[in-house]
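Asker: Next input, structure requested:
(2 chains)
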Amino acid sequence: MDQSIKGTAADWIEVGRVEDIPRQGSRIVKTGRGDIALFRTVADEVFALEDRCPHGGGPLSQGIVHGARVTCPLHSWVIDLASGEAVGPDEGCAGHCPVRVVGGVVHLGLMAFKEGCGHE
Amino acid sequence: MTTHTTSPQTSRKRLVVVGNGMAGIRTLEELLAKAPGRFEITVFGAEPHPNYNRIMLSPVLAGEKTFEQIVLNGRDWYEANGITLFTGDPVESIDREKRTVTAMSGRTVAYDTLLIATGSTPFIIPVPGADRLGVVGFRDLADVETMLEAAAQGGRAVVIGGGLLGLEAANGLKVKGMDVTVVHLMDTLMERQLDRSAGTLLQRELERRGIAVLTGADTAEILGNSRVSGVRLKDGQVLPADLVVMAVGIRPNMALAKAAGLACGRGLQVDDAMRTSDPAIYAVGECVEHRGQTYGLVAPLFEMARVAADRLAGGETSAYTGSVTATKLKVTGVDVFSAGDFSGGAGCEDIVFRDAARGVYKRVVVKGDRLLGAVLYGDTKDGGWYFQMLKDGADVSAVRDTLIFGQGFGGGEGTANPKAAVVALPDSAEICGCNGVCKGTIVQAITEKGLSSLDEVRAHTKASASCGSCTGQVEQLLAVTLGDGYAGEAKAKPMCKCTDRTHDEVRRAIAALELKTIPDVMQRLEWKTPDGCHHCRPALNYYLLCQWPGEYKDDYRSRYINERVHANIQKDGTYSVVPRMWGGLTNAKELRAIADVVEKFAIPTVKVTGGQRIDLFGVKKEDLPAVWADLNAAGMVSGHAYAKGLRTVKTCVGSEWCRFGTQDSTGLGVKLERLTWGTWTPHKVKLAVSGCPRNCAEATIKDLGVVCVDSGYELHVGGNGGMHVRACDLLVKVATEAEVLEYTGAYMQLYREEARYLERTAPWLERVGLDYVKKRLVDDPESRKALNARFLFSQTFSQDDPWAERASGAVDRHEFAPLAQVG
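Answerer: Sure, this is the predicted structure:
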């Protein structure tokens, strides 16, 4: 279900259904401010991070999802999906934005996007 | 007729043992320990094998153990102890007057003392057709072999009898691929050992495994002509069957004793000294009746053996007074324990605990201050504790309130800690139920004999040497007794932080417990995280794939991105693409297609790799399926340059062009690549073939390298370049290409089955040793052929081009397209 969704006046933007994201996997949403990676955990929680590791810029959407974390495919940094923070001892934070799921439909709160931080 | 008599120069008494099974031989072991050299010993066995662990036939049937692994005493043991052994020669008569026995072969041997240990035979229910071909009991190795032969054909099996043996047989046959139906006369399975609740849980579990269970079903007739074709029940139902296993019970084997005029009832009658009605004749095991009881479990047999041995050694006081028995079902992954009496009755009180989520049911029966019986399903770790209290007739009033929760609660101070629990046990507590070894004996052996490992304890005391379920407790005893002096069993590191188990332990459990999905592994092996991590998930995915070829469904979410999208991720998030070039050969059509793809998709960098192929760098992820489609169209497939699998087969040009070449190294390289491509391995694998000892293909730093010489092919293994360069070891030299291919398949499979995930062949070879690999591949042609066969079988499932599957949009389409575009 690959769809183009026009921006709406509402804060929440519909981007697709939960089942379109593989469990323990990720899909990309292309936005004006870069790619956002949507993650679905084994417990069916959905999170959204900027698709960019705070370490080397690796595409987090391509990582292995375990628990509420993702491991970056480039150098195996582990990023917490809820906060975007790197799991110690690494330090850094991926950009993240709020997500809500209503009736199985995923909404992205793109207006409330928080910039990441890192050495880049 | 030949007659064996004592040689005149020795005055030793002659002991003849009729029966080469567990009870008879255990008696000899005890006797040799107590009074070595007292007897000149002769053993007759009806089976053609040395003494083996009959209770482990179920794991042999299920394929979890080999026969060699359950042999208790090999022929060398008989030799070392001066015992004359006649196998495959059952004793047919006893002449009590002359004190001789005569076997089927006509061989007659004289005795001063005779020990009868003829065991039991399966009871074949007297219905029409019970003698048809394809009807077997479940008693000895021959039965298991018959069952395995039948199972190899697939088809249907009916197991008559839903007791301990019947269910173990049913499970084994199911594991071996047969359609299995259990026909049980009573309303619940194992009704002698389990109550209705536990029996129902067990039935449900077996049904979940695909075994059909019919209870309250009475067999009327075995159908068929010369061979069995089915079973008809009394209600008219007909069950088609290619194999019928009769497991309704056993009968003491006492025909020989009866014919000799010894007193027999339900079995061969013995007194507390294990003596029959003839004082020169003793008897032990399943053939005997003692105080009106017969036994079919191993622990009582060993208790009898101890008494008999003591009496034979000249002891005058030891006495067998009967056994309280406990039962465990040896169906892998089903934990069932029962002991004592739980039929209830006046004055009995039931304490029941259930945990549906864990599938646990426990029931203990108490009368007054004493424990009468216990039934445990799903969680049997406290079985030994209940059994001990039961045998001791212990007063349980102090722990009555928490009795059902097990020893961790009931035992008082901190016994939830297994070490403390072992400390809290009295010296008389039985640790090993199979061999009747108590804590005091083990501790004494450790301190007096200076034992420091599990193997040593097993060798000296037999504790944990039979079914192995008390291994953990024996290790605790070593730790408690030796303190810091116990180094632990040499243990590799755990797989990752999600588990305490090592790679090898997890792998063994996958096979033994038949775990077939990642969630199953995590559930059964008590993973500490909900769904693992990026270390364990890819490893588990590989182990399952390797263990269950064709059956396990690959979990792409547990694969590293490169193996998920079949390309190599680069630092900017783009990918590189390497098409396969068989043996390093290419042609104009392929090169033209590559050139076209480079232009069409504006691929920025094209490079020749070290493995003799062409790498296209900077491909955008969403372009991958279209790039693959174009390469596929020119006949090219994935080069698996991203895989923990076969990468390349590098070759030199060989005898076709080179003036030094001795063999067709390029042609052989292509054959090797056709054989091995697509396989998944613990880590990447690179092969090479050099056409002469000048070795231009650098074959001696490859995982497997072939160096051609005039007289054949040298196979070199375990090399790699990389951070730590390791040159190969020479495995073997062979004469033909066919041998090269067979060795390669076998070597790949040995590595696939035994190396740990992410362990390349070089460190693996250093860990297990070249001698071991030689032993498996060179010294043992059977083993080599079997490994190669397993490799070829698994390859039938792995040689599909992953690019074609994805270029067509049939597989993982979501990987290559965004979910949405906003703004």
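Asker: ok, now which ones touch B:V606?
Answerer: By C-beta atoms under 8 Å, 6 or more residues apart in numbering or on different chains, the contact set of B:V606 is B:I594, B:V598, B:I614, B:D615, B:L616, B:F617. C-beta coordinates here come from the backbone N, C-alpha and C atoms, glycine included.
Asker: part of a strand, is it?
Answerer: Yes - assessed by DSSP: H, G, I helix; E, B strand; the rest coil, B:V606 belongs to a strand.
Asker: Nearest to chain A, out of the contacts of B:V606: which one, please.
Answerer: B:F617 (15.5 Å; C-beta to the nearest C-beta).
Asker: So that closest one sits against B:V608, correct?
Answerer: No - B:F617 is beyond contact range of B:V608, at 11.9 Å (criterion: C-beta atoms under 8 Å).
Asker: neighbour-wise, which of those two wins?
Answerer: B:F617 (17 against 9; other C-beta atoms under 10 Å in any protein chain shown).
Asker: Partner strands of the helix or strand harbouring that one, with direction?
Answerer: Assigned by DSSP states H and E, B:F617 belongs to strand B:614-619. Strand B:614-619 has these partner strands in its sheet, going by DSSP bridges: strand B:575-577 (antiparallel), strand B:605-608 (antiparallel).
Asker: the helices in the stretch 601-750 of chain B, which residues?
Answerer: Along the stretch 601-750 of chain B, the segments classed as helices by DSSP state H, counting those that start in this stretch run B:624-633, B:665-676, B:737-754.
Asker: I'd like to know which of these lies nearest to B:R354.
Answerer: B:R354 lies closest to helix B:737-754 among these, at 40.1 Å (C-beta to C-beta).
Asker: Below-threshold pLDDT in chain A: ranges please.
Answerer: Chain A contains residues with pLDDT under 70 at A:1-10, A:118-120.
Asker: again, but for chain B
Answerer: Across chain B (using pLDDT under 70), the flagged ranges come out as B:1-10, B:332, B:343-346, B:355-358, B:408-421, B:434, B:466-469, B:489-492, B:823.
Asker: what residues does it put near chain A?
Answerer: Residues of chain B found near chain A (C-beta under 8 Å from any C-beta of the partner chain) are B:529-534, B:537-538, B:557-562, B:564-565, B:569, B:571-573, B:814, B:817-823.
Asker: List only buried entries from those residues.
Answerer: For the residues of chain B next to chain A, a burial check counting by 16 or more other C-beta atoms under 10 Å in any protein chain shown picks out B:529, B:531-534, B:537-538, B:557-562, B:564-565, B:569, B:573, B:818-822.
Asker: how long is stretch B:123-138 from one end to the other?
Answerer: 10 Å (C-alpha to C-alpha, to the nearest Å).
Asker: Also stretch B:264-274?
Answerer: Using C-alpha to C-alpha, the two ends of stretch B:264-274 sit 13 Å apart.
Asker: got it, and stretch A:61-69?
Answerer: Start-to-end, stretch A:61-69 (C-alpha to C-alpha) is 11 Å.
Asker: mind checking how far it is from the chain centre?
Answerer: 10 Å (C-alpha atoms, centre = their mean, to the nearest Å).
Asker: That stretch and chain B in contact?
Answerer: Yes - Stretch A:61-69 comes into contact with chain B (C-beta under 8 Å from any C-beta), by way of A:Q62, A:G63, A:I64, A:V65, A:H66, A:G67, A:R69.
Asker: Correct me if wrong: B:G134 contacts B:V231.
Answerer: No - the pair B:G134 / B:V231 is not scored as a contact, 11.0 Å apart, by C-beta under 8 Å.
Asker: Compare neighbour counts for the two and give me the winner.
Answerer: Counted by other C-beta under 10 Å, B:G134 and B:V231 do not tie: B:V231 has more neighbours, with 27 against 18.
Asker: helix or strand right after the helix or strand in which the more buried one is found?
Answerer: Using DSSP H and E, B:V231 maps to strand B:228-233. The helix or strand immediately downstream of strand B:228-233 is strand B:238-240, counting by DSSP H and E.
Asker: Any buried residues in that next one, and which?
Answerer: B:L239.
Asker: ok, now stretch B:794-808?
Answerer: Using 16+ other C-beta under 10 Å as the test for burial, stretch B:794-808 gives B:S794, B:Q795, B:S798, B:D801, B:P802, B:W803, B:A804, B:R806, B:A807.
Asker: Could you single out the nearest of those residues to chain A?
Answerer: Using C-beta to the nearest C-beta, the buried residues of stretch B:794-808 come closest to chain A at B:R806, 14.8 Å.
Asker: Hmm, B:K621 and the closest one touching each other?
Answerer: No - B:R806 is beyond contact range of B:K621, at 11.6 Å (criterion: C-beta under 8 Å).
Asker: Now the common contact residues for these two.
Answerer: Shared contacts of B:R806 and B:K621, counting by C-beta under 8 Å, 6+ apart, come down to B:V565, B:E815, B:F816.
Asker: Please state the backbone phi and psi of the second one?
Answerer: According to degrees, to the nearest 10, the main-chain angles of B:E815 amount to phi -60, psi -30.
Asker: Return the residues in contact with the residue nearest to it when sequence neighbours are not counted.
Answerer: Among residues not flanking B:E815 along the chain, B:V565 sits closest, at 5.7 Å (C-beta to C-beta, 6 or more residues apart in numbering or on different chains). With contacts defined as C-beta under 8 Å, 6+ apart, the neighbours of B:V565 are A:Q62, B:Y575, B:K621, B:L624, B:R806, B:D812, B:E815, B:F816.
Asker: Pretty sure the first one sits against A:P73.
Answerer: Yes - when contacts are counted by C-beta under 8 Å, A:Q62 is listed as touching A:P73 (4.6 Å).
Asker: the more surrounded of these two?
Answerer: A:Q62 (25 against 22).
Asker: In contact with the more buried one, which residues?
Answerer: A:S26, A:P73, B:I561, B:R564, B:V565, B:I569, B:G573.
Asker: Just give me the closest of these to B:G488.
Answerer: In terms of C-beta to C-beta, no member of the contacts of A:Q62 lies closer to B:G488 than A:P73, at 36.7 Å.
Asker: gap between B:G210 and chain A?
Answerer: 26 Å (C-beta to the nearest C-beta, to the nearest Å).
Asker: Setting the sequence-adjacent residues aside, check what's closest to that residue.
Answerer: Nearest to B:G210 is B:K174, by C-beta to C-beta, 6+ apart, at 6.1 Å.
Asker: Which elements pack onto the host helix or strand of that neighbour?
Answerer: Assigned by DSSP H and E, B:K174 falls within helix B:164-175. The contact analysis (3 or more C-beta pairs under 8 Å, 6 or more residues apart in numbering or on different chains; DSSP states H and E) places helix B:164-175 against helix B:57-61, helix B:141-152, strand B:156-160, strand B:179-183, helix B:196-208, strand B:243-246.
Asker: Tell me, how many residues neighbour B:Q473?
Answerer: 21.
Asker: can you pull the contacts of the residue nearest to it when sequence neighbours are not counted?
Answerer: Nearest residue to B:Q473, sequence neighbours excluded (C-beta to C-beta, 6+ apart): B:I431, at 5.2 Å. B:I431 makes contact with B:G384, B:L425, B:V437, B:C438, B:K439, B:I442, B:A463, B:S464, B:C470, B:Q473, B:V474, B:L477 under the criterion C-beta under 8 Å, 6+ apart.
Asker: picking up where we left off before, and the buried residues of stretch B:794-808, which is closest to A:G95?
Answerer: The shortest gap between A:G95 and any of these belongs to B:R806, at 30.1 Å (C-beta to C-beta).
Asker: Distance-wise, check that closest one relative to B:L624.
Answerer: 7 Å (C-beta to C-beta, to the nearest Å).
Asker: which residues are common contacts for the two?
Answerer: With C-beta under 8 Å, 6+ apart as the test, B:R806 and B:L624 both reach B:V565, B:H566, B:F816.
Asker: Could I get the residues you listed in TSV, plus columns for distance to B:V506 and secondary structure?
Answerer: Shown next, in TSV, are the shared contacts of B:R806 and B:L624 (distance: C-beta to C-beta, whole Å; DSSP: H, G, I helix; E, B strand; the rest coil):
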residue	distance to B:V506	secondary structure
B:V565	27	helix
B:H566	27	coil
B:F816	33	helix
